[in-house]
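Enquirer: Structure for the following, please:
(4 chains)
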Number of protein chains: 2
Amino acid sequence: MFSVSEEDHLKAIFKIAEKEKKAVSTNSIAAYMNTAPASVTDMLKKLADKDLIQYQKYKGVTLSPSGSKVAIQLIRKHRLWEVFLVEKLKFSWEEVHEIAEQLEHIQSDDLVLRLEKYLEFPKFDPHGDPIPNMDGKFTLRSQWSVAELLPGHTGIILGVREHDKSFLLYLNDMKIKLGTSIKVLQKTTYDQSLRILIDGRFENLITKNVAHQLLVKKV
Amino acid sequence: MFSVSEEDHLKAIFKIAEKEKKAVSTNSIAAYMNTAPASVTDMLKKLADKDLIQYQKYKGVTLSPSGSKVAIQLIRKHRLWEVFLVEKLKFSWEEVHEIAEQLEHIQSDDLVLRLEKYLEFPKFDPHGDPIPNMDGKFTLRSQWSVAELLPGHTGIILGVREHDKSFLLYLNDMKIKLGTSIKVLQKTTYDQSLRILIDGRFENLITKNVAHQLLVKKV
DNA sequence: AAAAATATTTAGGTTAGTCTAAATTTAATT
DNA sequence: AATTAAATTTAGACTAACCTAAATATTTTT
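Expert: This is a model prediction of the structure:
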């Protein structure tokens, strides 16, 4: 239906729009995709012709309903494949992104439905990101970052904001994964770094930024 | 490493060479791939430059050791994914080819190894074709076509030569699948069509050609 | 509000992978 | 062996997806 490059651009627009509310700029897409801005402009024209985006020269883009649908289906496929890779093939959470980037472009609606059923309809992927259902609906849940927890309070890791491989390896070293309990022992007033207790066993110091990347439910 | 089109051409050459012993012709590749012969010529030049084939103008091509390796690895991935689709996702054997054609191009050696392990090292795919191991070795076994069975003798279906969807659906209708027993009741001398008994329960008439496509072990 | 900086688009070019039509080589037939 | 037919290659062109450099629009700063 759509080319890999078209799909990738739509996904990039979706991801960027998720964070910043305004129209998505050409340069931000280029930065996200590691391509030249001029290449993005070319693609935006094509996507606009196909009514996948709203595009006005120099004014940035927003996804149309059909463009949004394509992006969400891609994200759905990506996350379902990540669950497969981790749950079934026993990959670690930092290894699956590149492979899922390829698998998400496999075209077969039936495949996605059967995969989802086989995985028993997971609602979140191995990084804690929600998996949209067939209709593009994401499951919502209340979650806080560890940075928001008050000293003395505990949370259970639901997910991570940062997906960088080195960050995930750092968490592995600290024995932090989905389901791990994090108790905030102390917050430094100087730089807001935190002393935490991991699974009631390991004490460690994390920066404010790291705390911001860790998403938990309060217990 | 290699593009999808390069891989597809190498696989086509391998498949054609499997049947016909001589050097593979440009036209046969074009026919197999549904492309113009001129496009094949272009690609052959490229593959020859990369030492993936032996190519002399007008003389046809043969795979080099490295080209052969690429082709066999593709076939390996294709067949492993087919096993996954049928065994785990419960696709029917006539539905999996197109999806596996896409999946075979996913690049990750680790993925293939883990998939193979997850599937418990299958040696044959859902059509009974052998799955080469990591080193490119195919498992051999003695097999005959039903056309070779003498009246009164029985075989167990090991695989099919023909992979066409309509043929597989025809077998479904006749309740023939891998493991099914086939007893030859009678051979017509006129056109060598056969009356067979399927799983000791259903009697049916098949043409000589159909019998030739059905591979069995003798019992 | 003008100048400077930044963002974006346009213009023109490249490569991979395809095509058709014409030219050439090889194979088959008379 | 010459002619015809078939197979193959060459020549030239197209599209998708990229690029760089230059031009233009927008935003920020003085």
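
Enquirer: tell me the domain ranges of chain A?
Expert: Split into domains by automatic domain parsing, chain A comes to A:4-63, A:76-139, A:144-218.

Enquirer: Figure out which of the ones you listed is closest to B:V96.
Expert: domain A:76-139 (9.7 Å; CB to CB). (Glycine included, C-beta is placed from N, CA and C.)

Enquirer: Run the chain-centre distance for the closest one.
Expert: 12 Å (CA atoms, centre = their mean, to the nearest Å).

Enquirer: tell me the mean pLDDT for it?
Expert: If you average the pLDDT over domain A:76-139, you get 98.

Enquirer: and if you look at stretch A:22-36?
Expert: The model assigns stretch A:22-36 a mean pLDDT of 97.

Enquirer: need the residues of chain A near DNA strand C, please.
Expert: Proximity of chain A to DNA strand C, by CB under 7 Å from any atom of the strand, involves residues A:25-28, A:37-38, A:40-42, A:44-45, A:55, A:57-58, A:60.

Enquirer: ranges for the strands of chain A?
Expert: With DSSP state E as the criterion, chain A has strands at A:53-55, A:61-63, A:144-145, A:154-160, A:181-187, A:194-198, A:202-206, A:214-218.

Enquirer: residues in contact with the first one?
Expert: Okay, so that is strand A:53-55. A:10, A:13, A:44-45, A:47-48, A:61-64, A:67 (CB atoms under 8 Å, 6 or more residues apart in numbering or on different chains).

Enquirer: Just the buried ones from those?
Expert: A:10, A:13, A:44, A:47-48, A:61, A:63-64, A:67 (16 or more other CB atoms under 10 Å in any protein chain shown).

Enquirer: between the residues you listed, which is closest to DNA strand C?
Expert: Using CB to the nearest atom of the strand, A:L44 comes nearest to DNA strand C of the buried ones among the contacts of strand A:53-55, at 6.0 Å.

Enquirer: was I right about that closest one contacting A:V61?
Expert: Yes: using CB atoms under 8 Å, A:L44 makes contact with A:V61 at a distance of 5.9 Å.

Enquirer: between those two, what contacts are shared?
Expert: Residues touching both A:L44 and A:V61 by CB under 8 Å, 6+ apart: A:26, A:29, A:53, A:55.

Enquirer: among the residues of chain A next to DNA strand C, which two are most distant?
Expert: It's A:S28 and A:K45 that sit farthest apart of these, by CB to CB, at 17.3 Å.

Enquirer: Name all residues that make contact with the spatially most central residue of chain A.
Expert: The centroid of chain A falls nearest to A:D129 when counting by CA atoms, centre = their mean (5.5 Å). Applying CB under 8 Å, 6+ apart to A:D129 gives the contacts A:79, A:159.

Enquirer: Please tell me how far it sits from B:H163.
Expert: As judged by CB to CB, to the nearest Å, A:D129 and B:H163 stand 39 Å apart.

Enquirer: Show me which of the shared contacts of A:L44 and A:V61 is closest to A:L113.
Expert: A:I53 (27.2 Å).

Enquirer: Any idea what that closest one is bridged to?
Expert: A:L63 (DSSP bridges).

Enquirer: How many neighbouring residues does it have?
Expert: If you count neighbours by other CB atoms under 10 Å in any protein chain shown, A:I53 ends up with 25.

Enquirer: returning to that earlier point: of the strands of chain A, which is nearest A:A100?
Expert: strand A:154-160 (15.6 Å).

Enquirer: contacting residues around the closest one?
Expert: For strand A:154-160, contacts defined as CB under 8 Å, 6+ apart pick out A:124, A:127-129, A:141, A:143-144, A:146, A:149, A:167-168, A:171, A:176-184, A:213-219.

Enquirer: Flag every residue of chain A that's near chain B.
Expert: A:85, A:88-91, A:95, A:98-99, A:102-103, A:106-108, A:110-111, A:114-115, A:118 (CB under 8 Å from any CB of the partner chain).

Enquirer: List only buried entries from the residues you listed.
Expert: A:85, A:89, A:91, A:95, A:99, A:102-103, A:106, A:108, A:111, A:114-115, A:118.

Enquirer: What about those, which are in helices?
Expert: A:99, A:102-103, A:111, A:114-115, A:118 (DSSP state H).

Enquirer: Keep only those that also lie close to DNA strand D.
Expert: Among these, no residue lies close to DNA strand D (CB under 7 Å from any atom of the strand).

Enquirer: thinking again about what came up before, which members of the contacts of strand A:154-160 are classed as buried?
Expert: Neighbour counting by 16+ other CB under 10 Å classes A:124, A:127-129, A:143, A:146, A:149, A:167-168, A:171, A:176, A:178, A:180-184, A:213-216 among the contacts of strand A:154-160 as buried.

Enquirer: packing partners for the longest helix along chain A?
Expert: If you go by DSSP H, chain A has its longest helix at helix A:65-83. Under the contact criterion of 3 or more CB pairs under 8 Å, 6 or more residues apart in numbering or on different chains; DSSP states H and E, helix A:65-83 touches helix A:4-19, helix A:96-103, helix A:109-118.

Enquirer: cutoff 10 Å now
Expert: Judged by 3 or more CB pairs under 10 Å, 6 or more residues apart in numbering or on different chains; DSSP states H and E, helix A:65-83 is in contact with helix A:4-19, helix A:37-49, strand A:53-55, strand A:61-63, helix A:96-103, helix A:109-118.

Enquirer: how about it, does it reach DNA strand D?
Expert: No: shown here: helix A:65-83 not in contact with DNA strand D (CB under 7 Å from any atom of the strand), separated by at least 13.3 Å.

Enquirer: Now do the buried residues in that helix.
Expert: Using 16+ other CB under 10 Å as the test for burial, helix A:65-83 gives A:67-68, A:70-83.

Enquirer: Relative to the whole chain's centre, how far out is it?
Expert: That offset, for helix A:65-83, works out to 11 Å (CA atoms, centre = their mean).

Enquirer: What parts of chain A come near DNA strand D?
Expert: Taking CB under 7 Å from any atom of the strand, the part of chain A that reaches DNA strand D is made up of A:3-6, A:8, A:34-36, A:38-39, A:42-43, A:46, A:58.

Enquirer: Pull out the buried members of those residues.
Expert: For the residues of chain A next to DNA strand D, buried by 16+ other CB under 10 Å: A:6, A:8, A:35, A:43.

Enquirer: hmm, which two among those residues are most spread apart?
Expert: Longest distance between any two of those is 13.2 Å, between A:E6 and A:T35; criterion CB to CB.

Enquirer: okay, and the common contacts of these two?
Expert: Residues within reach of A:E6 and of A:T35 at once, by CB atoms under 10 Å, 6 or more residues apart in numbering or on different chains, are A:M43.

Enquirer: Can you give me every residue that contacts A:I198?
Expert: A:157, A:171, A:174-176, A:180-183, A:204, A:206.
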